[in-house]
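Colleague: this is a predicted model, with the sequence first.
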Amino acid sequence: MSLFPQKGSPVQNLELIIQDKIENDIVFETIHHIRVGYIYKKSHLTFLQIANRAGSQIESNEEWGISHILEHMFFKGSKKRPNSIEFLRSYNRIGASMNAYTDYDHTNYHISMLNEVFEEGFDIIADMYINPLFPESEFKKELNPILSEFRENEDDPVDYLYENCMKNFISPFHSILGTEESIKKTTIEKMFQFKNKYYGKNNTVITAVGGISPDLFFNKIKEYFKDLPLSIEVQYPPVKYKEGSITLHKKGISEGYLMILFPALPTNHKDRIKQNFLNYILGGMDSSLLFERVREELGLSCYEISSNITRNQSFSVLEIFAGISPEEIPILIKEIDKIIDFLTNEKISHHQLLIAKNTLKTQICAMAETNKGISSLLLNTLLRNEYQDPIEVILREIDEISPEDIREIAQTTFANKKFIGTLLPE
């Protein structure tokens, strides 16, 4: 049984979920313009996420990296806990763990806590989100770790290749971290301007999974977020994809790296799960076509070869990546082309299809076993402005996929513009 009340309507019979101990029932609501999702799960813990739909792709040229900087600074003091030490001790004292991340289309703040301290934990994360102080003294200290993270990203060959490929393949695009110059030019005034511009209730999504009563969760949102103002609605600019190639060199590396990019379907496209499944067959598992051919059959000097889809509200990209001996990169490109040609012109066997279905379904169900995993799936559903059971939808669509579906979606995917990037030792 699932409860799907209309947006803005009162939620009926919430106690029934607890009384009957019905697990994995989803309740969707809209409270003070905030999209909210809740799943009851028999657990000692509750995992709570507060996400804002402003990510790095919404930033202007003068704001590059500011979403990520805000992610750091939200932990540096709030109205009730005015500095970083008080803030850290507040959630450590109740045994909770807190963290955050910045993505291209949203920024996420989350807390995991025992059910019996939920009210205090909610107060901590809500106060952080609604009433950050951005103290100047804290920013001066935090600037060094932020710049350190930027330098680590530049030093990492995979990140270095990926971001340089994306800058040439997608427009507009910039690193989530920004540049060293843009980071150093950020001010407290700019932080508050960005926060006031986008951190309104209409751009906020909140999800919780755990053993608390749903009425407690919804009532806390009603209490804490009633005075949060509205803000500018996030609208991501359309991107353009440009076919091409780039060869880069880097000191201090011995391995060669290859990245091939294709445009992928938008995040709310009806065939996105079919394309996700295609990606899984291509390079998303140990029995993928890429792994079996390159590692097991040819035995090329390639430790890692995989494919992935980065899909968000701003852009979507299918990425093929490998680390390999520089001399073998031309061979690898030819083999990848052969596999893509096979997928677009032939049907995969039912045996291959069955392996992929069983492996992917197991992976999805394992993710749904944890509060954090199911909460993340729920959050992505709400970020797409959808109100449905994500596990049910994914498993049903996987079961319905046929070899012909794979061929058709491969033809759609690989007919698009392609970008090839290589990184070689200097």
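Modeller: Good, I have the coordinates.

Colleague: pretty sure residue 367 sits in a helix.
Modeller: Yes. Assessed by DSSP: H, G, I helix; E, B strand; the rest coil, residue 367 belongs to a helix.

Colleague: what's the neighbour count on it?
Modeller: 15 (other CB atoms under 10 Å). From N, CA and C alone the C-beta is placed, and that goes for glycine too.

Colleague: I'd guessed it sits against residue 374; true?
Modeller: Yes. Here residue 367 reaches residue 374: they are 7.1 Å apart, a contact under CB atoms under 8 Å.

Colleague: contacting residues around the spatially most central residue of the chain?
Modeller: Nearest to the geometric centre of the chain sits residue 103, at 6.0 Å (CA atoms, centre = their mean). By CB atoms under 8 Å, 6 or more residues apart in numbering, the contact set of residue 103 is 55, 56, 176, 312.

Colleague: which residues touch the last one?
Modeller: Meaning residue 312. 55, 57, 103, 104, 105, 106, 267.

Colleague: can you list phi and psi of residue 393 for me?
Modeller: Residue 393 has phi and psi values of phi -60, psi -50 when expressed as degrees, to the nearest 10.

Colleague: let me fix that: residue 416
Modeller: Per degrees, to the nearest 10, the backbone of residue 416 is at phi -80, psi 170.

Colleague: list the beta-bridge partners for the closest residue to it other than its chain neighbours.
Modeller: Excluding the flanking residues, the one nearest residue 416 by CB to CB, 6 or more residues apart in numbering is residue 263, at 4.5 Å. Using DSSP bridges, the beta-bridge partners of residue 263 come out as residue 317.

Colleague: residue 263 contacts residue 418, correct?
Modeller: No. If you go by CB under 8 Å, residue 263 and residue 418 don't touch, sitting 9.1 Å apart.

Colleague: against residue 314, how distant is the residue nearest to the centre of the chain?
Modeller: Remark: distance between residue 103 and residue 314 (CB to CB, to the nearest Å) = 10 Å.

Colleague: shared neighbours of those two, anything?
Modeller: residue 55.

Colleague: just checking, next helix/strand downstream of the helix or strand bottoming out on mean pLDDT in the chain?
Modeller: Counting by mean pLDDT, DSSP states H and E, the weakest-scoring helix or strand in the chain turns out to be helix 15-20, with a mean of 39. Following helix 15-20 in sequence order, the next helix or strand is strand 26-31 (DSSP states H and E).

Colleague: got the contact list for the very next helix or strand once past that next one?
Modeller: On the C-terminal side of strand 26-31, the nearest following helix or strand under DSSP H and E is strand 34-40. Here strand 34-40 makes contact (CB under 8 Å, 6+ apart) with 17-18, 22-30, 201-202, 204-211, 214, 217-218, 221, 225, 374-375, 378-379, 381-382, 385.

Colleague: which helices and strands sit right next to whatever helix or strand comes next after strand 34-40?
Modeller: With elements assigned by DSSP H and E, the helix or strand that comes after strand 34-40 is strand 45-52. Where contact means 3 or more CB pairs under 8 Å, 6 or more residues apart in numbering; DSSP states H and E, strand 45-52 is packed against strand 107-114, helix 118-130, strand 204-210, helix 371-383.

Colleague: average pLDDT across strand 45-52?
Modeller: Averaging pLDDT along strand 45-52 gives 98.

Colleague: partner strands of it, parallel or antiparallel?
Modeller: Assessed with DSSP bridges, strand 45-52 is paired to strand 107-114 (antiparallel), strand 204-210 (antiparallel).

Colleague: show residues contacting it.
Modeller: Contacts of strand 45-52 (CB under 8 Å, 6+ apart): 106-115, 118, 121-122, 125-126, 129, 198-199, 203-212, 371-372, 375-376, 379, 383.

Colleague: again with stretch 403-416
Modeller: By CB under 8 Å, 6+ apart, stretch 403-416 touches 241, 262-265, 271, 274-275, 277-278, 281, 318, 340, 343-350, 353.

Colleague: which segments of this protein make up each domain?
Modeller: 15-224, 243-425 (automatic domain parsing).

Colleague: tabulate those domains (a markdown table), appending distance to residue 236.
Modeller: Below are the domains of the chain laid out as a markdown table (distance: least, CB to CB, whole Å):
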| stretch | distance to residue 236 |
| --- | --- |
| domain 15-224 | 6 |
| domain 243-425 | 4 |
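
Colleague: which among the contacts of stretch 403-416 end up buried?
Modeller: Burial by neighbour count, 16 or more other CB atoms under 10 Å: within these this picks out 241, 262-265, 271, 274-275, 277-278, 281, 318, 340, 343-344, 348, 353.

Colleague: quick one: which of those sit in helices?
Modeller: 274, 275, 277, 278, 281, 340, 343, 344, 353 (DSSP state H).

Colleague: can you pull out the low-pLDDT segments for the protein?
Modeller: Under the criterion pLDDT under 70, the flagged ranges of the chain are 1-24.

Colleague: the strands in it, which residues?
Modeller: 26-31, 34-40, 45-52, 97-102, 107-114, 170-171, 204-210, 240-241, 244-250, 256-263, 302-311, 316-324, 419-425 (DSSP state E).

Colleague: ranking the ones you listed by burial, who's on top?
Modeller: Comparing the strands of the chain by mean neighbour count (mean count of other CB atoms under 10 Å), strand 204-210 comes out on top with a mean of 26.

Colleague: related to what we said a few turns ago, between the strands paired with strand 45-52, which gets nearest to residue 62?
Modeller: Smallest distance to residue 62 across these (CB to CB): 18.4 Å, for strand 107-114.

Colleague: give me the contacts around that closest one.
Modeller: 44-52, 54-55, 67-68, 70-71, 74, 91, 94-102, 121, 124-125, 128-129, 371-372, 375, 379.

Colleague: cool, thanks, signing off.
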